[in-house]
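Student: Structure, please.
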Amino acid sequence: MKRRTLPTAAALAATAALLLTACGSGDDDASGNDKIAGADQQSSKPEPSKEASGAPDEDKPDGVDVSLPKDVNLVFDWDKPKDKNEAAAMEDAANFFRAIFRGVDKRTSEDAAVTTYATDGGRKYADTQIGAYVEGGWTVTGTRRHYDATTRSASNGSSVEVAFCADSTKFYGKETETGKVLKTDPSIKDFDYFKIIMIKVPTGEELWQASKVYVETEAAKCQ
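Tutor: Numbers count the residues shown, from 1 in each chain. Sure, this is the predicted structure:
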C-alpha cells in the first residue's frame, strides 16, 4: 500500500521502511531452503473473542469478525490448494491481512481478529503496521490484489509457507481527520512479494496463525 504525504522526505523514507520491514525474520530468506523457517515453532490457542457469537458467517471465520469498511477491498486472486492443511493456512493468511487492515480501521492492534490470526513475528508485524498508520493519522481506501500464491508444508505438518504477490496500485492512504485520499502515480513501489509462515493452532481446530512475515519490496517479479 502507499505511504504518502508526510512532512519531510526523511519522514516518508523512515515510515516506508517501518511499514515494510519483515518482522520475526531478520535477513533470512525462506525461498532457497528446503526447511521452512519457523517450522519447529508451536502456536498457542488465542483467547476467545468477545465479538464471537452464534455460527461463523462470511465475515466471521472462526467466529471472529474480519469485516472491513466498504471502501476497502482486499482481493485474494488465487486457487485453493488440494492439500487440506495448505488450503486452511492460505485462507487464514488472507484473514491475517484482513485483520491488519481491520486494526488500521479500528485504530488498535488489540482487535480480536489480530490476536486470533497473528502470533510471534506475525503479531509484531501487525502491531508495527497498525501503529504506523495510527501514529501518522491515516487509514486506507481502495483495492489491493493478492495473486500468484504458492504453498509448501513443513515435514511435520505443523506449518505452511504461503507466498504471494501484492499489487497496491489502486490502494491508497487516507487522512483520518480530513478524509483526503493520498494518491500517487503507479510505480514499482506498489508491488510487494510476501512469504508468511503459518503455524497450526494445536487445538484440533482448523485455525492457523501468521508467525513470521518476510517482505520483498519493489518486487519486479510481481509486475
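Student: Can you name the residues bridging to residue 151?
Tutor: residue 162 (DSSP bridges).
Student: CA atoms of stretch 165-172 as CSV?
Tutor: Provided in CSV are the C-alpha atoms of stretch 165-172 (Å, rounded to 0.1, in the frame of the first residue of the first chain):
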residue,chain,number,x,y,z
CYS,A,165,2.4,-11.0,-4.7
ALA,A,166,0.5,-7.9,-3.7
ASP,A,167,-0.5,-5.1,-6.1
SER,A,168,-1.3,-1.8,-4.3
THR,A,169,-1.6,0.4,-7.4
LYS,A,170,-5.2,1.1,-6.5
PHE,A,171,-4.8,1.0,-2.7
TYR,A,172,-4.3,4.4,-1.1
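Student: What number of residues are in the vicinity of the residue nearest to residue 214 when sequence neighbours are not counted?
Tutor: Sequence neighbours aside, residue 195 is the residue nearest to residue 214 in space, at 4.1 Å (criterion: Cβ to Cβ, 6 or more residues apart in numbering). In this view, the C-beta of every residue, glycine as well, is placed from N, C-alpha and C. A total of 23 residues lie near residue 195 under the criterion other Cβ atoms under 10 Å.
Student: List the residues that contact the residue nearest the centre of the chain.
Tutor: By Cα atoms, centre = their mean, the chain has its centre lying nearest to residue 97, at 3.1 Å. Taking Cβ atoms under 8 Å, 6 or more residues apart in numbering, we find residue 97 in contact with 74, 146.
Student: how far is the helix or strand the residue nearest to residue 214 falls within from where the chain is centred?
Tutor: Assigned by DSSP states H and E, residue 195 falls within strand 191-200. Chain-centre distance of strand 191-200: 8 Å, with Cα atoms, centre = their mean, to the nearest Å.
Student: can you tell me the average pLDDT over that strand?
Tutor: On average, the pLDDT along strand 191-200 is 97.
Student: That strand pairs with which strands, and in what direction?
Tutor: strand 159-175 (antiparallel), strand 208-216 (antiparallel).
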